[in-house]
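[1] Based on what follows, work out the 3D shape:
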Amino acid sequence: MRQRGFTLVELVVVMVVTGVLAAGLVVFFRPALENYAMATRRGTLTDLADGAMRTMMRDVRSAVPNSIRQPNAQCFEVVPTSDGGRLRIAPDIQSGGASKPLDTYQPTTQFDVISPLLAAPVIGDWIVIGNQVPENMYSLASASRISSVAAPPASTSPYALGTWRIGIQTKQFPPGYEGGRFVVVPDAQKAVFYTCQNAGVDANGTGTGTLYRFSGYGFDAAAPTACKVPQADTAVLASRIARCEFTYDPNPGSEQAAGYLQMRLRLSEGGDDVDLLYGAYADNLP
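    Sure thing, here's the model as predicted:
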């Protein structure tokens, strides 16, 4: 009876042919796999950089007017707000003296809000009015803490649009301010500080820097002369930073109504880079 099987020569031929086919497949598929891995890395880096940029832009755009400070191109400080509106700057003549306008020529403890707010002001948060320069914000010359929140008395006046009567710690705001605007700074956050540390690239083409966000440390009247040094509990906003630059121009146009902060981030991993350049305007009109 004849036995069927493979000869050694046939097995060797099959192995050689299989090896040739495998080598050919590697040649064709390797670039595709490398491109897939590169696209995945770049997608991750883009999401990380975009998230960091959006967080910084949110804080800059909602900042107290004239509150940005910058010791160098690797960091900046700003005071974000949570709300704001219009306040009464003149008496309601039909309220029988019940209205509470803000008088910037003497200390005050109350004023009426005449515009809708996103939410009721929180006792302990900060009211900022008429801030003209960063020094006034950080020394609290233009700020006072909220001590009470109540509805204003009813009035028959068609102009009595009061929504809240806000009590504050006794304060005389910068005299002569008639803009009629105020902003609210959350006490839980206060000022925030962004710092890029150790930006660069290692031998593998991966960024070595980290972007940190400091918050809740209060208000420092002294202008910063250097970037804050991160601690173990400092929030990390982004890693793998290869390049990081912040450039603030307080008066980019002839009207001087807004400052402009340009933010540049480059994130790198395994030789792949993602560059983002964003710009954000910060209101200069208190």
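[2] Got phi/psi on the residue nearest the centre of the chain?
    Centroid check for the chain by C-alpha atoms, centre = their mean gives M56 as the closest residue, at 2.6 Å. As for M56, its main-chain torsions (degrees, to the nearest 10) stand at phi -70, psi -40.
[3] dump the residue contacts of it.
    In this structure, M56 makes contact with Y194, L237, M263, Y278, A280, judged by C-beta atoms under 8 Å, 6 or more residues apart in numbering. To be clear about C-beta, it is placed using only N, CA and C from the backbone, and glycine gets the same treatment.
[4] Return the helix or strand in the protein with minimum mean pLDDT.
    helix 8-61 (a mean of 77; mean pLDDT, DSSP states H and E).
[5] Heading C-terminal from that one, find the next helix or strand.
    strand 75-78 (DSSP states H and E).
[6] Give me the residues contacting that following strand.
    59-60, 63-64, 67-70, 191-196, 224, 227-228, 246, 248, 261, 282.
[7] With stretch 225-242 instead?
    With C-beta under 8 Å, 6+ apart as the criterion, stretch 225-242 contacts 45, 48-49, 51-52, 55-56, 71-72, 74-75, 193-201, 206-215, 265-269, 273.
[8] out of the residues you listed, which are buried?
    45, 48-49, 52, 55-56, 71, 74-75, 193-197, 199, 201, 206-207, 209-214, 265-269, 273 (16 or more other C-beta atoms under 10 Å).
[9] Among these, which are located in helices?
    L45, L48, A49, A52, T55, M56 (DSSP state H).
[10] what about the last one, distance to R213?
    Just to be clear, that refers to M56. 8 Å (C-beta to C-beta, to the nearest Å).
[11] any residues in contact with both of the two?
    In contact with both M56 and R213: Y194, L237, using C-beta under 8 Å, 6+ apart.
[12] can you tell me the average pLDDT over the helix or strand that D112 is a member of?
    According to DSSP H and E, D112 maps onto strand 108-113. In this model, strand 108-113 has an average pLDDT of 93.
[13] Counting neighbours, what do you get for the residue nearest to Q172 when sequence neighbours are not counted?
    Counting by C-beta to C-beta, 6 or more residues apart in numbering, P107 is the residue found nearest to Q172 once chain neighbours are left out, at 4.5 Å. By other C-beta atoms under 10 Å, the residues close to P107 number 12.
[14] begin at 6 from here
    That works, and once the first residue is 6, the last one we named lands at P112.
[15] correct me, but P112 touches K176?
    Yes - counting by C-beta atoms under 8 Å, P112 touches K176, with 6.3 Å between them.
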